[in-house]
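**Q** Okay, predicted coordinates and the sequence, questions at the end:
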Amino acid sequence: QLSGLLLGCFLFGAVSLLHAPLTSPADDSLGQSIQRPISDTSGRLHMWTIAWRQASSNPVLGTGPGRFACESSPATPSHPHNFVLQVAAEWGFPATLLILLAGAWLAGRLLLTITRNCGSERPGEQLLMILLAISIFAAAIHANLSGILMTPASQLMGCLVLGWAIGLYPRAETEDSSRSFVSAWAMGALGIVVSLLLT
């Protein structure tokens with residue numbers, strides 16, 4: 001982890017410091033993308049303001065799915081690069097609260113599973129579960145700064161990572177088959193709801 005951190009710092013520093021001498025004076029595209037001030041939000045604050053206005057004007061039901069771009073100027077992108085604000089603007093605050101509660105509950109279950117299985121007999125699976133959890137949490141944070149949940153490639157990768165994590169989820173050997181049956185139906189229903197939301 002330390003070597004990965006140091007390598008990342010080295011690469012970031014190299015790109016930040018050495019890009020100017022390596023680019024030609026005629027090509028300013030790299031300079032515009034890298035030499036922006038660190039406080040520059042690339043128009044995100046403007047998009048977030050539009051989404052907040054839409055959510056505030058329609059707090060219960062929102063403006064409707066996919067209506068963020070329809071309710072704003074033609075120059076505005078199709079999504080506000082913030083998943084929570086997009087759900088609030090298009091679906092309303094009650095739906096946003098339900099999604100946040102479901103996400104918090106699932107995140108808690110994932111962390112609880114990881115901590116309970118720290119001394120498991122299969123350390124390879126434990127390490128893989130930790131890495132998958134890190135990628136899930138990183139994607140959840142990144143979704144509030146970009147459109148990672150709106151692009152098909154990211155949605156497909158998210159389904160693969162979530163499915164992989166669910167496949168590693170330890171199954172308790174219990175004699176109560178009705179409980180495991182209900183749990184399987186609950187997981188299936190949750191998968192259907194998530195798929196419909198992504199759709």
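**A** Structure's in. What do you need? Treat the numbers as computed from the prediction; the structure is a model and nothing was measured. Numbers count the residues shown, from 1 in each chain.
**Q** C-alpha from now on. contacts and neighbour counts both.
**A** Noted.
**Q** Nearest residue to the middle of the protein?
**A** The residue lying closest to the centre of the chain (C-alpha atoms, centre = their mean) is residue 140, at 2.8 Å.
**Q** Is that one part of a helix or strand, or is it coil?
**A** helix (DSSP: H, G, I helix; E, B strand; the rest coil).
**Q** Residue 65 too?
**A** Per three-state DSSP, residue 65 ends up coil.
**Q** Residue 110 now?
**A** helix.
**Q** Now for it: which residues touch it?
**A** Neighbouring residues of residue 110 by C-alpha atoms under 8 Å, 6 or more residues apart in numbering: residue 133.
**Q** if you set the cut-off to 10 Å instead, what comes out?
**A** Contacts for residue 110 (C-alpha atoms under 10 Å, 6 or more residues apart in numbering) come out as 104, 129-130, 133, 165-166, 169.
**Q** Run through this protein and note the low-pLDDT ranges.
**A** 19-41, 71-76, 119-124, 169-184, 195, 198-199 (pLDDT under 70).
**Q** Let me see the ranges of the helices in it.
**A** For the chain, the helices defined by DSSP state H occupy 2-22, 29-34, 44-57, 83-91, 93-116, 123-142, 152-168, 177-198.
**Q** Scan the contacts of residue 110 and report the most crowded one.
**A** Per-residue neighbour counts (other C-alpha atoms under 10 Å) across those peak at residue 129, which has 23 neighbours.
**Q** Tell me which residues touch it, please.
**A** 110-111, 113-114, 117, 123, 135, 164-169.
**Q** returning to what we had before: tell me the most buried of the helices of the chain?
**A** Ranked by mean neighbour count under mean count of other C-alpha atoms under 10 Å, the helices of the chain are led by helix 83-91, which reaches a mean of 24.
**Q** what packs against that helix?
**A** Packed against helix 83-91 by the contact rule (3 or more C-alpha pairs under 10 Å, 6 or more residues apart in numbering; DSSP states H and E) you find helix 44-57, helix 93-116, helix 123-142.
**Q** quick check: angle from it to helix 44-57?
**A** Interaxial angle of helix 83-91 relative to helix 44-57 (axes from the mean of the first three to the mean of the last three C-alpha atoms, to 10 degrees): 40 degrees.
**Q** and helix 83-91, how far out from the chain's middle?
**A** 14 Å (C-alpha atoms, centre = their mean, to the nearest Å).
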